[in-house]
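> give me coordinates for this.
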Amino acid sequence: MTFEEIMTAVKKKAAVIDAGKTDFLAVQVNLTGENGGVFYVEVKNGKVSAEPYEYNDRNCAITMTPENFMKFLNGKLDPVFAFTTGKLKVEGDVGKALEFSKLVK
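Numbering: from 1, shown residues only. Sure, this is the predicted structure:
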């Protein structure tokens, strides 16, 4: 998948996420390797948005390959397993990364 296709999938997912119980969450996603790139997902006032930019005032940043991210997005890669096996790296608040993973499910 290209980075643009990944962004389309993320925006589709963001449109259906129920974030009514989340006040604020900002996660930067760093995709490594071929078709990689950077984008952020922000939850603010119960609404989820995703844009292809860096987010400097984020709660955390997660780093993974595009392939593993798509598995994660589609529910085929458990984030805790990915973290413990090194497929997912977290910089910043690990609790917020876990909150993000629960929203995506």
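
> beta partners of the nearest residue to residue 14 once chain neighbours are set aside?
Of all residues not flanking residue 14 in the chain, residue 48 sits nearest, at 4.2 Å (CB to CB, 6 or more residues apart in numbering). (C-beta placed from N, C-alpha, C; glycine too.) On the basis of DSSP bridges, residue 48 is bridged to residue 43.

> quick one, what contacts residue 53?
With contacts taken as CB atoms under 8 Å, 6 or more residues apart in numbering, residue 53 has the following neighbours: 38, 39, 40.

> what pLDDT does the model give the residue nearest to residue 14?
pLDDT for residue 48: 94.

> hang on, it packs against residue 103?
Yes. Contact between residue 48 and residue 103 holds when scored by CB atoms under 8 Å: they sit 7.5 Å apart.

> those two: which is more packed in?
Counting neighbours by other CB atoms under 10 Å for residue 48 and for residue 103 shows that residue 48 has the greater number, 21 against 18.

> got the contact list for the strand or helix carrying residue 72?
With the criterion set as DSSP states H and E, the secondary-structure element containing residue 72 is helix 66-73. For helix 66-73, contacts defined as CB under 8 Å, 6+ apart pick out 1, 3, 6, 9-10, 13, 29, 31-36, 64, 77, 79, 82, 87-88, 101, 104.

> residues of it that come out buried?
By neighbour count, and taking 16 or more other CB atoms under 10 Å as the criterion, the buried residues in helix 66-73 are 66, 68, 69, 70, 71, 72, 73.

> just those now: which is nearest residue 96?
For these, the residue nearest residue 96 by CB to CB is residue 72; the value is 15.6 Å.
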